[in-house]
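> 3D model of this:
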Amino acid sequence: MHIVILSRSRFIFSTRRLIEAAKERGHEVTVVNTLACSLYMNHDTFGILNHGEELPQPDVVLPRIGASITDYGLAVVKHFELMKVPVMNSRRAIALSRDKLRAAQFMASLNMPTPATVALRDPIGIEAMLAQLGGPPVIIKPVRGTQGVGVMLMESLESIRAISETMWGLGQNFVMQKFIKEAAGKDIRAFVVGKKVVAAMRRVSKKGEFRANIHRGGRGERLDLPKDFKALAVQAAEKMGLYVAGVDLLETNDGPMLLEVNSSPGLEGIERYTGVNVAAEIVKQAEALAKNPPRRDITG
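Next up, the predicted model:
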């Protein structure tokens, strides 16, 4: 089987692990830098050039689309879909997961337990929206962002006004979420492949930091995830249309709460702290997808 991995570099840890896992299972692997792809279309004929040379049609594509190249990356993913190549994950699913406002709307529409969330672009509405969250402190997040970058804990109306005006001035949209006090400094990363959680860890922040991301200096602890947490993680990934997802959950007084769903989760932390060969699980899912590709609406 020929697998294409969309990645900026074959030396990125997650990409390297996927290459190793695929080759161990006897597959041919091509790593394609998304920005090196040229797309052509003529009536119902679609093709891709990689560094100026025709890219042979693969059996399956594994997207590892970085946040900085989301727009063109999504166009490349869609092109593979138009070529009728099975893709993990689809363009629509990646786009939805990358937009925190759209994702919050989507999850709330399915009545999944999530932190109360508001969005606004007018400073006149700040106090009214804060009231919806029970007042400060609140969490402010850029609509697009990964690894905790740009996520801030705001503890007063004055600080919220100041950061809001700054972000609007820079043309940045953001969401505000209720601060879940009992979950401060820790969360759970559940790694979903297909329709099951293959690995899970609790992430704990470093001293003085409220964000638990490993990239922010947090540490991981292997976790045997309770059934209700597993069910919520799988439901979130499945409803969003993701075959591979890093689902972030909070442990609250009211039970599991869904925080975010990531379509291109890193493998380094989850494999290091759990000892699970997550890369192999992803390749197995790719094999299944290549044999039984889903029917998808690829318009739009």
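
> in the protein, which ranges drop under the pLDDT threshold?
For the chain, the stretches with pLDDT under 70 are 145-148, 207-217, 296-300.

> What are the structural domain limits within it?
The record's domain parsing of the chain by automatic domain parsing lists 2-87, 116-179, 182-288.

> Which one of those domains lies nearest to residue 106?
Closest approach to residue 106 among those (C-beta to C-beta): domain 182-288, 7.1 Å. Bear in mind the C-beta positions are built from the backbone N, C-alpha and C, glycine included.

> on that earlier part again, tell me which of the domains of the chain lies nearest to residue 105.
Nearest of these (C-beta to C-beta): domain 116-179, 8.6 Å.

> thought residue 195 was touching residue 234?
Yes: counting by C-beta atoms under 8 Å, residue 195 touches residue 234, with 5.8 Å between them.

> and those two? which has more neighbours close in?
When neighbours are counted by other C-beta atoms under 10 Å, residue 234 comes out ahead of the other of residue 195 and residue 234, with 18 against 11.

> The more buried one contacts residue 197, doesn't it?
Yes: applying C-beta under 8 Å as the test, residue 234 and residue 197 come out as touching, 6.4 Å apart.

> Phi, psi for residue 44 please.
Backbone geometry at residue 44, expressed as degrees, to the nearest 10, gives phi -100, psi 20.

> Can you tell me which of the domains of the chain is packed in deepest?
Comparing the domains of the chain by mean neighbour count (mean count of other C-beta atoms under 10 Å), domain 182-288 ranks first with a mean of 19.

> Now find how far off-centre it is within its chain.
11 Å (C-alpha atoms, centre = their mean, to the nearest Å).

> Over to stretch 163-183?
Using C-alpha atoms, centre = their mean, the offset of stretch 163-183 from its chain centre is 19 Å.

> cool, and stretch 71-84?
The answer for stretch 71-84 is 17 Å, by C-alpha atoms, centre = their mean.

> and for that stretch, what are the contacting residues?
4, 6, 34-35, 37, 39, 41, 46-48, 57-58, 61, 63, 65-66, 87, 90-91, 94-95, 293, 296, 298 (C-beta atoms under 8 Å, 6 or more residues apart in numbering).

> Repeat the analysis, applying 7 Å as the threshold.
Under the criterion C-beta atoms under 7 Å, 6 or more residues apart in numbering, residues 6, 34-35, 37, 39, 46, 48, 57, 61, 63, 65, 87, 90-91, 94-95, 296, 298 lie in contact with stretch 71-84.

> Also stretch 219-228?
Contacts of stretch 219-228 (C-beta under 7 Å, 6+ apart): 188, 190, 197, 200-204, 214, 255-256, 269, 273-274.

> rerun at 8 Å
188-190, 197, 200-204, 206, 214, 233, 255-256, 269-270, 272-275.

> Any idea how far apart the tips of it sit?
24 Å (C-alpha to C-alpha, to the nearest Å).
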